[in-house]
Structures are given as C-alpha cells and as structure tokens.
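Novice: Here you go, sequence then predicted model.
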Amino acid sequence: MSALLSVKDLGVTFRTREGDVPAVREVSFDLAPGEILGLVGESGSGKSTLLTALTRMLPRNARVDAGHLGFDGADLTKLREDGMRKLRGDRIGLIPQRPMTSLSPVTPVGRQLRWHLDGLDEGGRLKELLTGVGLGGVLDRLDGYPYEFSGGQLQRLLIAVAAIGKQPDLLLADEPTTTLDATVQAQVLRLLLDLRDRIGSAMIFVSHDLGVISQVSDRIGVMYAGRLVELAPAAELFEAPRHPYTRALLDAMPSRHRRGEPLRTIPGTVTGANRLAGCPFAPRCASVVERCHEENPEVRTVGESLVRCHVAEATR
Ligand SMILES: Nc1ncnc2c1ncn2[C@@H]1O[C@H](COP(=O)(O)OP(=O)(O)O)[C@@H](O)[C@H]1O
Ligand SMILES: [Mg+2]
C-alpha cells in the first residue's frame, strides 16, 4: 500500500539566545493508511517537535529543513497556509501535549467544542463524543470555563474533539494519556484502537512509556537526541531490540522489573548529546566501541529493524 505520510530527512532547529538547538535531525519514516506508529524516547528527545512540525505549527524561532514531507500526494513543506489550515481542520488531527495551551481560558468549554465541531448537535453527537472518553458526567457543566475542569478532563475533551469529532485520516497524539489515571488511560487507548478499526485513521502515538506504546502500536520508533535510532515492528522491537538505547529502555520498564531488585535506570542524561561528533548515545552506551566516538552511525537494516548503531548485530 502506498504511504499516507512520508517523512524524509526532516530536521528542526530552534534558534535561542544560547545558540541553535537541533531538536530533530535526519528523521525519515513512512506511515501506511490505518497504521499506528508509536514514538518513544525520553523527555527532550524531539517527539513533540516532530509532531508539531508535521502540522506546521512550530513557534517562529524554529527552522525546518526537510527533504520531503508527503501527505497523501501533497508536499506539506510547499503547501500554502490556507491549504495547510484546511488539512489541519479536516484530515490531520493533533492532540497536543499540554491541553491548557490549546483552550481559551475566557470562553466556556461548550462554546469551544462547538467552534471545533461545527454542526454539532447537542442531543446526540455531543453526548456520544463525551461518553466515549468517560466524560458523560460533565454534559450539564459545559457552560463552565476551562479552569473549572481538571487537567485530565480537559485532556479527554481534546481527545474527543481531535479523534471522535474529526475522524481524521492522520491523528497525531502527543502523550495523550500521560496525565490520566490507569482506568481512563485504558479507556482512551481502546477508543483510539476502535477509531482506527472503524474509520481507518493512521496515528502517531507519542509516549515516554513503552508499556503504553506497546498496547497500541503496529510499529515503534525510538527517538534519541532528535534522531530516530530504531524503527521496527512492535513485536520485533520487544523480542529483538537492536539499539543499545532500546535495550536500556526495555530493561527500565517496570513490568520487566523483578520484585526486590532495584529499579534500573539509564545512566547519564540526553543533554547536549546532539552536539557530539560521534553517536549521540555513545557517552551512555553499554556497548560502545572506539568508532562510536568518531562517526555518527547511518541508518542500517538489521533483521526487521532500521537502526542507527555501529554495533547493532554484534550486541545481541
Ligand atoms: N520553542 C522552543 N525553543 C527552543 N527550544 C525548544 C523549543 N521547543 C523545544 N525545544 C527544545 O527542543 C528539544 C526537543 O524538545 P521536545 O520536542 O519538546 O522533546 P520531547 O517532546 O521529546 O520531550 C529540547 O532540547 C527542547 O528544549
Ligand atoms: Mg513532548
């Protein structure tokens, strides 16, 4: 099947007073219609920047370099702003990481729902929308302002709008369940899977939690210091992780953790890693060799994975 989304060599750099911050580097991947790609990586690895770049809603200090950003035949880098706005309204939905920033604090929540979903009928559809995300209880409170709702409720409202309301061809979900408790989280994950099955929406689902990612993803991409360091079918990633960083993430998962053992974490931080000459993970890598300090690895195919690592085969 031909790709719905095709990203080639995407780079995003933020200009700041302290200098340029390369947030996303040389990222390439395809997404098929109806496919769910999970993106995982620790805080600061560029996940939100990548999703935001796909909607062209980056702040003004961001510079985008992209070989190609194809969406269903259109090149998103060349589309005029009105065309892009139409795509965002109809076909590409974003569930942002911080719900508060995308709601107006001075307008009742119900009115904002109506802005986003024109022709919404109060009786049937709104009720269906809200009960779908476990919010049936707030139907009679929709004349309230955002501050009168909890963060979790607002997050679910935005999920309802972006997912069920718009039924987009491509849904970009940025940590959509991070602020939710376990029960609601499970409900939202089911809802997203149901949306894919009924509507055929493709999704990029971002989380720093591999456990959550594994419940919804067909393929999983692992980001480190702005780069996609591994991309593999979900089962493959868990059974045969190729990148030392992927293995470290798997080892740090609570479900793999045996009771009584100290919880493993990955030593070091990602800070500044993308300024290094060699592999950005080298300073934290358990399998590092001389070459890793000199040369940043290109993408290679190992088994069913695409991986950026000099020693990916050798370290199974
Ligand atoms: N508006 C901005 N201005 C400058 N730097 C930014 C901005 N937004 C994000 N960054 C930087 O870009 C990098 C990636 O951030 P982000 O995409 O938010 O990562 P993630 O979503 O994986 O936590 C970080 O180093 C972050 O500090
Ligand atoms: Mg983020």
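Specialist: Perfect, I can see it now. Just so it is clear, the structure is predicted and the values come from calculations on it, not from any experiment. Ligands and ions are numbered 1, 2, ... in the order given.

Novice: now the strands for the stretch 101-250 of the chain?
Specialist: Applying DSSP state E, counting those that start in this stretch to the stretch 101-250 of the chain gives strands spanning 170-174, 202-207, 219-224, 227-233.

Novice: Parallel or antiparallel, which strands does the third one pair with?
Specialist: Same thing as strand 219-224. Sheet pairing of strand 219-224 (DSSP bridges) gives strand 36-40 (parallel), strand 227-233 (antiparallel).

Novice: For the nearest residue to Arg88 once chain neighbours are set aside, which residues are in contact?
Specialist: In space, and not counting its chain neighbours, Arg88 is closest to Thr55: 5.8 Å by CB to CB, 6 or more residues apart in numbering. Bear in mind the C-beta positions are built from the backbone N, C-alpha and C, glycine included. By CB atoms under 8 Å, 6 or more residues apart in numbering, the contact set of Thr55 is Arg88, Ile92, Leu94, Leu172.

Novice: Could you list which of these also contact ligand 2?
Specialist: Among the contacts of Thr55, no residue lies close to ligand 2 (CB under 5 Å from the ion).

Novice: could those residues go into TSV alongside distance to ligand 1?
Specialist: Listed next are these as TSV, based on distance: CB to the nearest ligand atom, whole Å:
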residue	distance to ligand 1
Arg88	19
Ile92	18
Leu94	13
Leu172	12
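
Novice: Please convert the residues you listed to CSV, extending it with pLDDT, secondary structure and distance to Gly34.
Specialist: Shown next, in CSV, are the contacts of Thr55 (pLDDT from 0 to 100; DSSP: H, G, I helix; E, B strand; the rest coil; distance: CB to CB, whole Å):
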residue, pLDDT, secondary structure, distance to Gly34
Arg88, 88, helix, 20
Ile92, 94, strand, 15
Leu94, 89, strand, 18
Leu172, 95, strand, 15
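
Novice: Out of these, the closest to Ile266 would be?
Specialist: Taking CB to CB as the measure, Ile266 sits nearest to Leu172 out of the contacts of Thr55, at 26.5 Å.

Novice: and stretch 224-241, which residues are buried?
Specialist: Neighbour-count burial for stretch 224-241, counted by 16 or more other CB atoms under 10 Å, picks out 224-232, 234, 236-238, 241.

Novice: Stretch 85-97 too?
Specialist: Neighbour-count burial for stretch 85-97 flags Leu87, Arg88, Arg91, Ile92, Gly93, Leu94, Ile95, Pro96, Gln97 (criterion: 16+ other CB under 10 Å).

Novice: Just checking the distance from that stretch to the centre of its chain.
Specialist: Relative to its chain's centre, stretch 85-97 lies at 14 Å (CA atoms, centre = their mean, to the nearest Å).

Novice: didn't Arg291 look like it was pressed against Ala282?
Specialist: No: Arg291 lies out of contact with Ala282 (CB atoms under 8 Å); the separation is 9.4 Å.

Novice: Settle it for me: which of the two has more neighbours?
Specialist: Ala282 (22 against 13; other CB atoms under 10 Å).

Novice: Can I get the buried residues of stretch 224-241 in CSV including distance to ligand 1 and pLDDT?
Specialist: Shown next, in CSV, are the buried residues of stretch 224-241 (distance: CB to the nearest ligand atom, whole Å; pLDDT from 0 to 100):
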residue, distance to ligand 1, pLDDT
Tyr224, 10, 95
Ala225, 9, 93
Gly226, 7, 95
Arg227, 12, 95
Leu228, 12, 97
Val229, 13, 97
Glu230, 15, 98
Leu231, 16, 98
Ala232, 19, 97
Ala234, 20, 97
Glu236, 23, 95
Leu237, 18, 95
Phe238, 21, 94
Pro241, 19, 94
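
Novice: so the nearest residue to Pro176 once chain neighbours are set aside bridges to which residues?
Specialist: Excluding the flanking residues, the one nearest Pro176 by CB to CB, 6+ apart is Ile95, at 4.7 Å. For Ile95, the beta-bridge assignment (DSSP bridges) gives partners Ala173.
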